[in-house]
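In: generate a structure from the sequence data that follows.
(one chain, ligands or ions: 1)
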Amino acid sequence: MLSQIESETPPPNLAALAEDHYFSANPPPKDLEKHTALAREFINYHSAAGRRLVLVTSGGTTVPLEKNTVRFIDNFSAGTRGATSAEYFLEAGYAVLFLHRQFSLLPFSRHYSHATDCFLDFLREGPNGSVVARDEDAAKMLHVLRKYRDARDRNMLLLLPFVNISDYLHELRSVAQLMQPLGPRGLLYLAAAVSDFFVPPDRMSEHKIQSTDAADAFKKGSSSATPQPPAVEDEETFDNFDSSPKVPRSKRLVIDLDPVPKFLKNLVEGWSPQGMIVSFKLETDPAILVHKAKYSLDRYQHHLVIGNLLATRKWEVVFVSPGNPDRWIRVPFRKAGAEGDGKAVEVEKDEPLDPKSLPEGEPE
Ligand code: PAZ
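Out: Presented below is the predicted three-dimensional model:
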């Protein structure tokens with residue numbers, strides 16, 4: 001009888017179980033409701049106008065080590081890819097919902113917000129105590145300003161920030177679900193550098209992780225307690241890790257991370273089944289990039305994986321899509337990002353050049 005019942009019970013959907021577990025165990029960001037309301041309004045507005053809409057995700061996600069977060073793990077992403085792509089999507093007529101890491105690069109302001117491109121360097125004192133753009137920068141600044149104002153005035157760009165991995169996943173799921181009515185007019189362009197590992201809340205310290213036991217006596221209850229000198233470490237406490245010089249275990253911080261569930265499957269099958277989905281794959285080893293991109297495409301069955309290498313991501317990317325040959329897009333690396341004349345070559349622009357015309361050698 002039992003085996004009959006078992007055989008009639010559909011197999012549990014593991015992806016759905018993992019989703020339920022993750023989203024109930026990891027609290028949503030405090031602004032989720034506000035962001036969802038803004039996103040709904042934005043999507044409805046553009047949907048009514050019959051406009052194409054893209055969700056661009058951008059920047060890195062943090063992995064908090066404490067609930068009251070002082071310390072966290074982060075990654076390299078500055079949000080250049082996302083912010084640059086968003087500008088080109090706007091130019092192509094898309095409304096852009098820009099889900100980005102707080103304080104990472106933003107469309108338009110990115111031209112003046114990088115540490116090496118401080119906006120003050122583009123300004124000079126004008127007549128009667130005014131401030132104006134330097135003559136050599138004015139034309140480009142005016143160009144960027146006009147595009148920025150146009151996007152803002154026509155309500156074409158919605159900025160939604162996130163900080164940590166769980167904020168990101170909550171926001172992504174909500175926005176993707178809201179985009180469902182757009183069908184294939186909704187594009188999800190997932191350029192954020194999303195952590196693969198995290199500390200689950202049940203193993204996360206509530207407060208700042210301590211590096212000494214100076215607070216232990218107070219924590220045990222008596223506010224008049226005198227802090228005790230640290231216990232003398234015996235040999236046992238040195239035994240479990242190699243290190244030079246030897247450090248007692250009690251002084252180490254050993255971080256034990258769980259894998260973040262792979263939600264691309266849930267996105268493709270459940271959150272946005274009709275949407276066009278473009279994911280990115282970042283690697284550092286050129287030998288595995290295309291293989292990993294193909295693996296991702298096979299596994300999740302979405303529309304396009306854009307592969308890139310950490311060292312060359314600004315100058316070359318590879319498009320891997322079902323049934324098509326791999327397509328490399330390369331721009332001359334010596335000119336890429338060279339701002340100032342308005343003619344900088346950006347790989348996001350997608351105007352492939354003849355590879356033979358490109359300079360030889362390693363990117364600078
Ligand atoms: O933000 P950035 O321009 O410095 O880097 C862009 C990028 C490399 C994060 C992006 O192109 C990408 O590959 N994102 C996906 C990373 C991954 O999870 O594999």
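In: for the ligand, what are the nearby residues on the stretch 51-200 of the chain?
Out: Residues of the stretch 51-200 of the chain lying close to the ligand by C-beta under 6 Å from any ligand atom are 77-81, 191, 193-194. Where you see a C-beta, it was placed from the backbone N, CA and C, and this is true even at glycine.
In: try it again with 5 Å
Out: With C-beta under 5 Å from any ligand atom as the criterion, the stretch 51-200 of the chain comes near the ligand at residues 77-81, 191, 193.
In: just those residues: which are in helices?
Out: Per DSSP state H, helices hold the following members of these: 80-81.
In: for residue 159, helix, strand, or coil?
Out: Here residue 159 takes the strand state, with states given by DSSP: H, G, I helix; E, B strand; the rest coil.
In: mind checking how far it is from residue 273?
Out: Using C-beta to C-beta, to the nearest Å, we find residue 159 at a distance of 26 Å from residue 273.
In: any idea what the closest residue to residue 38 other than its chain neighbours is bridged to?
Out: Residue nearest to residue 38 in three dimensions, not counting chain neighbours: residue 158, with 6.2 Å by C-beta to C-beta, 6 or more residues apart in numbering. According to DSSP bridges, residue 97 are recorded as the beta-bridge partners of residue 158.
In: number of nearby residues for residue 158?
Out: Under the neighbour criterion other C-beta atoms under 10 Å, residue 158 is assigned a count of 21.
In: now do it, the pLDDT please.
Out: Taken from the predicted model, the pLDDT recorded for residue 158 is 98.
In: could you verify my assumption that it touches residue 97?
Out: Yes. Under the criterion of C-beta atoms under 8 Å, residue 158 makes contact with residue 97 at 4.9 Å.
In: rewinding a little: just the residues of the stretch 51-200 of the chain next to the ligand now: which is nearest residue 93?
Out: Distance from residue 93 was checked for each of those by C-beta to C-beta. The minimum falls on residue 191, at 19.4 Å.
In: distance of the residue nearest to residue 38 relative to the ligand?
Out: When C-beta to the nearest ligand atom, to the nearest Å is applied, the distance between residue 158 and the ligand equals 19 Å.
In: and the gap between that residue and residue 91?
Out: Between residue 158 and residue 91 the distance, using C-beta to C-beta, works out to 17 Å.
In: ditto for residue 280
Out: 20 Å.
In: between the two, who's got more neighbours?
Out: Set side by side, residue 280 and residue 91 show unequal neighbour counts under other C-beta under 10 Å, the larger going to residue 280 at 22 against 11.
In: contact partners for residue 157?
Out: By C-beta atoms under 8 Å, 6 or more residues apart in numbering, the contact set of residue 157 is 86, 90, 95-96, 98, 107, 151.
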